[in-house]
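> Fold the following and give me the result.
(one chain, ligands or ions: 1)
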Amino acid sequence: MLSQEETGKLKIGLEIHVQLTNLRTKLFCPCPSDYRGKKPNENVCPICLGLPGTLPQVNKRAVESAIAVCLAFGAKVQPYVVFSRKNYFYPDMNKNYQITQYDKAGGTTIGVGGYVTISLDGERKKIPLRRIQIEEDPGRLVHVEKNGVRKTYIDYNRAGIALVEIVTEPAMHQPREARMVLEKVQTTLEHLGVLDPSFEGSMRCDANISYAGGARIEIKNISSFKEVEQALRFEQLRLEYLPKIESTVTKRWGEKEGITATSREKEMEEDYRYFPEPDIPPIIIDEEIIEKIRKNLPELPDDRIERLVREYGISERLASIIVSEKPIADFFEKTVKILNEPEDVAHWLMNEVVRRWRECGIDYRYSRFKPENLAKLIRMVKEGVITTRIAKQVLWEIVPTGEDVEEYVKRTGLRIIRDPEELSPVIAKFLDDNPRLIKEAFENERVLDYICGEVQKRLQGRADPIILRKEIERLIGEKMKNA
Ligand SMILES: [Zn+2]
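Predicted coordinates for the structure are as follows:
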């Protein structure tokens, strides 16, 4: 196994592919970009099918969106955009080349440098970027098995969808950092308005991991952040225990198996024979366009974190967690606007609502449970209408359905019981069932505590604890007198 000092040299890099879901058309043709749920090969034309003699035309909004992405991460926008051909054969790549960008062989990428800021154990860390580029998505292979016969079909609806690729330096030192970078990239792009992460497969990632001077392992095409972290942990262990066993290889992450498997030997860059795309002339990007886009940038996550700390007096750590997903940050701010109790709102939102959303697999963006309802629930706890315990139980039920919290509490009778007359029959029944406890409780405080707990259980935790205790004491006193 490697020494502590050597493990410090673990290097992780990411290549993050993001579909620009704000675009209505593909990168080089007027075909619609909403391919999800469409019939196979419905959104295609001679350009995105790569037929000979067609000419690609660059989607202006795609270039503007990519400039916004560069500015959001502090990357230097290049004065002109050149596209390159990456030549390779694969059935989903019908032209036998992909139109992309390349920073060698006479090409440039739209963005160079920049960084992603993460908050690691309370400290801010900047992960440097190598480049940001625009490229087209390939088509999709669809594997079908029918009556024991396996067939593969090709769906070109996705072919030509505009992607932005963000490539980091291998500057992360633990798998956890890779996950945080992905979360930060996602929330930044969602704040920018160029990505809707709820679109399946809209953000995918390749990861590479190595120890300084050792073999480099690449893991291809992972779509969930949790799995990126798992795959990297898996390879980290392999590199630590079997440091000399492999040269540079490409791996596929098996979501079901939870391990990586070798998929192919890594192609070297020269295998792709990159050269500038002859069908697309260079696009000049002058300062004026860049400044116009910069001026129109919306509030981005780092600024929002600072504002939440300033405006609501919450800790930076908490603000970072809230802003790590835009829908959560939006939900938080909307709730605080209704009920100005930022700490309470953050507590209930993060500990109860988000947990329930995740358990139910609900996309927060489309949740039926609304900020008004959370504000109402917190107010009911503060006013003593329901207990904290009941409030948690109520959220459990209404987060998936969105039912109004007041109506739910009314319908299920979950409000706090304060009326002694309502409590006494339940207490009397318990004492009748356990007559032995009456005398014991009279002499021993802890037995009294026990009775309070048991009766409270029979009332599903709804009794006001102080009134309940008084009523129990009163009834025991009465029974002792009559005994
Ligand atoms: Zn097309």
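
> Need the phi and psi values for residue 19.
phi -80, psi 140 (degrees, to the nearest 10).

> count of residues packed around it?
23 (other C-beta atoms under 10 Å). Bear in mind the C-beta positions are built from the backbone N, C-alpha and C, glycine included.

> Against residue 135, how distant is the closest residue to it other than its chain neighbours?
Nearest non-adjacent residue to residue 19, counting by C-beta to C-beta, 6 or more residues apart in numbering: residue 202, 4.5 Å away. Per C-beta to C-beta, to the nearest Å, residue 202 is found 15 Å from residue 135.

> Just give me the neighbour total for residue 399.
23.

> pretty sure it is touching residue 356, no?
Yes - the pair residue 399 and residue 356 qualifies as a contact (C-beta atoms under 8 Å) at a distance of 4.1 Å.

> okay, and the common contacts of those two?
residue 362 (C-beta atoms under 8 Å, 6 or more residues apart in numbering).

> average model confidence for stretch 152-163?
Per-residue pLDDT over stretch 152-163 has a mean of 95.

> can you give me the end-to-end distance of that stretch?
25 Å (C-alpha to C-alpha, to the nearest Å).

> Okay, buried residues for that stretch please.
Neighbour counts over stretch 152-163 (16 or more other C-beta atoms under 10 Å) mark 154-163 as buried.

> Where does the record place the domain boundaries for this protein?
4-292, 299-412, 420-482 (automatic domain parsing).

> for the ones you listed, which one sits closest to the ion?
Across the domains of the chain, the ion has its closest neighbour in domain 4-292 (3.2 Å, C-beta to the ion).

> what separates the closest one from the chain centre, distance-wise?
Centroid displacement of domain 4-292 relative to its chain, using C-alpha atoms, centre = their mean, to the nearest Å, is 17 Å.

> Same question for stretch 380-399.
27 Å.

> Contacts for it, please.
Residues contacting stretch 380-399 (C-beta under 8 Å, 6+ apart): 341, 344, 348, 352-353, 356-357, 360, 362, 367, 369, 373, 377-378, 403-406, 408-409, 414-416, 460-462, 464.

> can you give me the end-to-end distance of it?
Note: stretch 380-399 ends 16 Å apart using C-alpha to C-alpha.

> And the closest residue in space to residue 319 that isn't next to it in sequence, how close does it get to residue 14?
The shortest distance from residue 319 to any non-neighbouring residue, by C-beta to C-beta, 6+ apart, is to residue 308 (4.1 Å). According to C-beta to C-beta, residue 308 stands 27 Å off from residue 14.

> Tell me the residues of the protein that contact the ion?
Within reach of the ion by C-beta under 5 Å from the ion, the chain has these residues: 29, 31, 45, 47-48.

> which element is the residue nearest to residue 319 on?
helix 301-312 (DSSP states H and E).

> The helix or strand following that helix: how far from the chain's middle?
Reading on from helix 301-312 to the C-terminus, the next helix or strand found by DSSP H and E is helix 316-323. With C-alpha atoms, centre = their mean as the basis, helix 316-323 stands 14 Å off its chain's centre.

> Pull the contacting residues for the residue nearest to residue 319.
With C-beta under 8 Å, 6+ apart, residue 308 has these contacts: 314, 319, 322-323, 329, 332-333.

> Go again with 10 Å.
314-316, 318-320, 322-323, 329, 332-333, 336, 342, 346 (C-beta atoms under 10 Å, 6 or more residues apart in numbering).

> cool, residue 81 as well?
Residue 81 sits next to 58, 63, 66-67, 101, 107-110, 133-134, 280-285 when contact means C-beta under 10 Å, 6+ apart.

> Point me to the helix or strand that includes residue 144.
Going by DSSP H and E, residue 144 is part of strand 140-146.

> now the angle from the very next helix or strand once past that strand to strand 140-146?
Using DSSP H and E, the next helix or strand after strand 140-146 towards the C-terminus is strand 149-155. Counting by axes from the mean of the first three to the mean of the last three C-alpha atoms, to 10 degrees, strand 149-155 points 150 degrees away from the direction of strand 140-146.

> which other helices and strands contact strand 149-155?
strand 140-146 (3 or more C-beta pairs under 10 Å, 6 or more residues apart in numbering; DSSP states H and E).

> Point out where this structure drops to low pLDDT.
Low-confidence segments of the chain (pLDDT under 70): 1-8, 242-270, 483.

> the longest strand in it is where?
If you go by DSSP state E, the chain has its longest strand at strand 123-136.

> quick one: buried residues of that strand?
For strand 123-136, by 16+ other C-beta under 10 Å, it's 125, 127, 129-136.

> and if you look at stretch 445-457?
Using 16+ other C-beta under 10 Å as the burial criterion, the residues of stretch 445-457 that qualify are 447-448, 451-452, 455-456.

> for stretch 431-442, same thing?
Those would be 431, 437-438, 441, for stretch 431-442 by 16+ other C-beta under 10 Å.

> Out of these, the closest to residue 222 would be?
residue 437 (59.3 Å; C-beta to C-beta).

> And the helices in the stretch 201-350 of the chain?
225-241, 287-295, 301-312, 316-323, 326-338, 342-348 (DSSP state H, counting those that start in this stretch).

> do you know which of those helices lies nearest residue 183?
That would be helix 225-241 among the helices of the stretch 201-350 of the chain, by C-beta to C-beta, at 6.2 Å.

> re the thing from before, which ones among the contacts of stretch 380-399 are found in helices?
Those of the contacts of stretch 380-399 mapping onto helices are 344, 348, 356-357, 360, 373, 377-378, 405-406, 408-409, per DSSP state H.
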